[in-house]
Structures are given as structure tokens and as C-alpha cells.
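K.L.:
Predicted model and sequence below, questions to follow.
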Amino acid sequence: MNGVSERTASGRHGTANRSDVTAGLCFAFLAVICALALGPSMAPYDAMGANLTIGLGPPTESHWLGTDALGRDILSRVIVGARAALLGPLIVTLVSMVFGNALGLIAGCRGGWVDSVVMRWVDLMLALPGLLVAVVVIGALGGGYWVAVAVLGVLLVPFDARVIRGAALEQIPRPYVEAARTLGVPWWRLTLFHVWPNVSAVTVANSFLAFAMALVSLSGLSFLGFGADAGQPDWGLMIAENRTNLFENPASVVAPGCLLILTATCVNLLGDWVYQRLSERGLSR
């Protein structure tokens, strides 16, 4: 039995170590992307500057990722595009987290008709085809990157609200909630200072997931022409603009596409790691 216990503990320790290594690699990659987003001056060329004398070209010593049809340096556009790739999803995540957490906690802790009203609205919003609604609304409002950010922020609120409500409902039957109610603690104080800290692990993990969803969705809208304005250094828009140049300069499509995939994957993996650590800390506490 002792041997089995030791092997089980060793297996868990090995899994934890692999998880920590993966999280470290993801954190390092995201740190590089954040550095690029905070310092677009690192771009070797003007990301918006066209040079028709060069035109479309493959990678060279002076242009490591080649140039597009207008002679713009792909590496510079990828570096500058990191800001739009992170800033928009971050705002969408904050909006959906604040309003989604508020609605989910109120619905889960208040119950009754408040819960019914909030959840029927959530069910209605989740029943709508999100991407189609975003395309229609953004098109009707004239398009633009910030319009897309605002629309996605609203569309992700029901997703957060449902998840947080479920986590809050799990806390309601627990002894500390009953004790607080017995002592006459107001529902808002119970929700804010007692229930919410105990669902914070779910909140954080869900925020990472929302960020990855917003990143992919915003890039998809830019690819379809409903996000960033034409010519702007945006990863999704770069894929759309250079898709016809795939055979002449594959890096013009592969570079922004790989960055999108790697960034979204690293955010999801890091969210799982943070959730695991917060959950373990909550259990030990």
C-alpha cells in the first residue's frame, strides 16, 4: 500500500511539474507578445509605409518575413498588430467579466423572479447565432474595430453570467452562507464579500477563456471585413489581405495565423493552470 501511495504521489508531482513547465512556457510567450504590444517602436520599418518599388517579395536579409503586395514589411506589421490583438480582447474580457459576474452573482444569490428574469435573457442571447448577430450589428453601425469590440463585449456577457451563476448556486447550500443569513447579513454583502471570493477561481479561468474567444472572434471579424479598417496592421486582416499571396510569400499568412493560434492556446493553457492553483489554494484554506 505504501508503494502504491508513493507511486500515486510521484505521478501527481510529475504531472504538476509538467503543468508548471507548460505554464512557464506559455507565460514567456505571452510576455513577448505583450512586450511587442507595448513597444511597436521595435518594428524595423513603418508598418503603414508602402514601397511599390519593392512590391510583393519573399523573406530576405532586410525583410525577414518578406513584404506584401504594397511593399510593406510583414514583420513590422506583425509586431505593430500585437497591440490590436491584445487590447481589444482585453477590453472585451473586462466588460464581460464585470457585467457577467454581476448578473451571475445576483441571479444565483437572489434567486426567485430575479434569477428567472436574468436567466431568460441569458437563454435568449445564447440562442442567437453570435457571429451572425455581430456581423449584422457591426455592419449596421458602419463597422470599425471599436464597434466590433463593443458588440463582442455585450455578446460575451451572457456566457459569463451563466458560468458564474452556476458557481454561485454551488455555494448557496454551504454552511457559511446559512450562517451569514442567520446572522442577518444583507444579500449584497453576502454576495460580494463571501460568495464571490469563493468563486474567484472560476471567474479567473473563465476570463482567460473569454479573452481567447474574443481574440479569435475579433480576428475573424477583421478577416471578414467587419473589424479593423483596411490597411491597418491587424493579424486577422493581414490573413485576409495576403491570402492570395500564399504561394509567393507564405510567411505573410503563416506568421499572423500562427501567432493567433499560439496566443489563444497559451491563454487557455495558462487559464487552466491558474484555475488549478487557485482551486488547490482554496481547498487547503
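P.N.:
It's in. Everything numeric here is computed off the predicted structure, so don't read it as measured data.
K.L.:
so where's the chain uncertain?
P.N.:
1-16, 281-285 (pLDDT under 70).
K.L.:
ranges for the helices of it?
P.N.:
Listed in chain order, the helices of the chain (DSSP state H) span 2-38, 74-110, 112-127, 130-140, 145-171, 175-182, 187-190, 196-198, 200-224, 235-242, 251-284.
K.L.:
Can you mark which positions in the fourth one are buried?
P.N.:
This means helix 130-140. By neighbour count on 16 or more other Cβ atoms under 10 Å, the buried set for helix 130-140 is 130, 134-135, 137-138. Quick note: C-beta positions are derived from backbone N, CA and C, even for glycine.
K.L.:
same thing with the shortest one?
P.N.:
For helix 196-198, the buried set under the neighbour-count rule, 16+ other Cβ under 10 Å, comprises 196, 198.
K.L.:
can you check the third one too?
P.N.:
Of the residues in helix 112-127, those buried by neighbour count under the rule 16+ other Cβ under 10 Å are 115, 118-119, 122, 125.
K.L.:
Also the last one?
P.N.:
Burial within helix 251-284, assessed by neighbour count using 16+ other Cβ under 10 Å, is assigned to 251-253, 255-257, 259-260, 263-264, 266-275, 277-278.
K.L.:
tell me the angle that helix makes with helix 74-110.
P.N.:
Relative orientation of helix 251-284 versus helix 74-110 (axes from the mean of the first three to the mean of the last three Cα atoms, to 10 degrees): 30 degrees.
K.L.:
Pull the distance from stretch 78-86 to the chain's centre.
P.N.:
Relative to its chain's centre, stretch 78-86 lies at 14 Å (Cα atoms, centre = their mean, to the nearest Å).
K.L.:
ok, residues contacting it?
P.N.:
Around stretch 78-86, the neighbours that count as contacts under Cβ atoms under 8 Å, 6 or more residues apart in numbering are 33-34, 36-38, 40, 42-43, 47, 65, 145, 215, 218-219, 228, 232-235, 238, 255-256, 259-260, 263.
K.L.:
same thing with stretch 211-222?
P.N.:
Residues outside stretch 211-222 that contact it (Cβ under 8 Å, 6+ apart): 85-86, 88-90, 92-93, 96, 130-131, 134-135, 138, 145, 148-149, 152, 156, 159, 227-228, 234-237, 239-240, 260, 263-265, 267-268, 271.
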